[in-house]
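Enquirer: Just the structure for this:
(chains A and B)
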Amino acid sequence: DGGITQSPKYLFRKEGQNVTLSCEQNLNHDAMYWYRQDPGQGLRLIYYSQIVNDFQKGDIAEGYSVSREKKESFPLTVTSAQKNPTAFYLCASSTRVRGELFFGEGSRLTVL
Amino acid sequence: AQSVTQPDIHITVSEGASLELRCNYSYGATPYLFWYVQSPGQGLQLLLKYFSGDTLVQGIKGFEAEFKRSQSSFNLRKPSVHWSDAAEYFCAVGQINAGNMLTFGGGTRLMVKP
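Expert: Residues are numbered from 1 along each chain as shown, chains lettered A, B, ... in the order given. Here you go, the predicted structure:
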């Protein structure tokens, strides 16, 4: 079945450590996105990529980095520069035309 | 800049009762609009979407929404709520020419009383 796979589902990190969240899609979508979700704040866009080897900052990119070396993959690195990284992270993808986003199951990051 | 407001953070309804979740947006051009549902600890599932045409949109699980341009609203409705509808609901707005950038509302958490 086609879909988006995020891993790990749960991740714990010590302060000062970088962590990388994986996102893989087999929907043949051009565009991929990372959102951060905090209680009561909805979803906020971190980074997005509309094509391989290109990506753009979203509303809250500081302290995060991404890469898009393959169409299927869009990993997110949460760096030690992110001051409040504990959150639920959602990866999504879409075609460039239709507008509908398809979401993965999310990764919950907790900083100890 | 576009924005989405969901005025109700929490709503509780009795099973079998009707439901309306409110969504208001601020956007300069013609928007396209979505409603998503999220169960705890899960990703988001699309309920329905509006791009153009008929302003009353039917979705999955018996949900519908009506686009009212004059009120900048896209409220979600269901005639009879089931206990399994308890979840968090998100309204989102986007622009087709902006690379599918969606702006999400803060969400409405629905609780269903037996």
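
Enquirer: contacts, neighbours, all on C-alpha from now
Expert: OK.

Enquirer: if I look at the residue most central in space within chain B, how far off is residue A:10?
Expert: Taking Cα atoms, centre = their mean, the centroid of chain B lies closest to residue B:35, which sits 3.4 Å from it. To residue A:10, residue B:35 is 26 Å away according to Cα to Cα, to the nearest Å.

Enquirer: Check which element follows the helix or strand harbouring the residue nearest to the centre of chain B along the chain.
Expert: Element membership for residue B:35, per DSSP states H and E: strand B:32-38. Heading C-terminal from strand B:32-38, the first helix or strand you meet, by DSSP H and E, is strand B:44-50.

Enquirer: near chain B, which residues of chain A show up?
Expert: A:40-44, A:50, A:90, A:94, A:96-100, A:102-106 (Cα under 8 Å from any Cα of the partner chain).

Enquirer: Okay, and which of those map to strands?
Expert: A:43, A:44, A:50, A:90, A:94, A:102, A:103 (DSSP state E).

Enquirer: shouldn't the first one be in contact with residue B:92?
Expert: No: with contact defined as Cα atoms under 8 Å, residue A:43 does not reach residue B:92; the gap is 9.6 Å.

Enquirer: and those two? which has more neighbours close in?
Expert: With neighbours defined as other Cα atoms under 10 Å in any protein chain shown, residue A:43 and residue B:92 compare such that residue B:92 has more, 28 against 23.

Enquirer: Quick check: residue B:60 touching residue B:48?
Expert: Yes: at 6.8 Å, residue B:60 counts as touching residue B:48 under the criterion of Cα under 8 Å.

Enquirer: Comparing those two, which residue is more hemmed in?
Expert: Under the neighbour definition other Cα under 10 Å, residue B:60 and residue B:48 were set side by side, and residue B:48 has more, 21 against 9.

Enquirer: On the strand side of things, show who residue A:102 bridges to.
Expert: For residue A:102, the beta-bridge partners are residue A:93 (DSSP bridges).

Enquirer: if I pick it, what's in contact with it?
Expert: Residues near residue A:102 by Cα atoms under 8 Å, 6 or more residues apart in numbering or on different chains: A:3, A:4, A:92, A:93, A:94, B:44, B:45, B:46.

Enquirer: hmm, 10 Å instead?
Expert: A:3-4, A:25, A:27, A:29, A:32-33, A:91-95, B:43-46 (Cα atoms under 10 Å, 6 or more residues apart in numbering or on different chains).

Enquirer: Could you do residue B:59 as well?
Expert: Per Cα under 10 Å, 6+ apart, neighbours of residue B:59: B:35, B:46, B:47, B:48, B:49, B:65, B:76.

Enquirer: For residue 98, report the pLDDT, please.
Expert: No chain specified, so I'll use chain A. According to the prediction, residue A:98 has pLDDT 63.

Enquirer: ah, no, chain B please
Expert: 59.

Enquirer: Among the contacts of residue A:102, find the lowest-pLDDT one for me.
Expert: Among these, residue A:95 carries the weakest pLDDT, at 86.

Enquirer: tell me the contacts of the nearest residue to that residue once chain neighbours are set aside?
Expert: Excluding the flanking residues, the one nearest residue A:95 by Cα to Cα, 6 or more residues apart in numbering or on different chains is residue A:29, at 4.9 Å. With contact taken as Cα under 10 Å, 6+ apart, residue A:29 is in contact with A:50, A:51, A:71, A:72, A:92, A:93, A:94, A:95, A:96, A:101, A:102.
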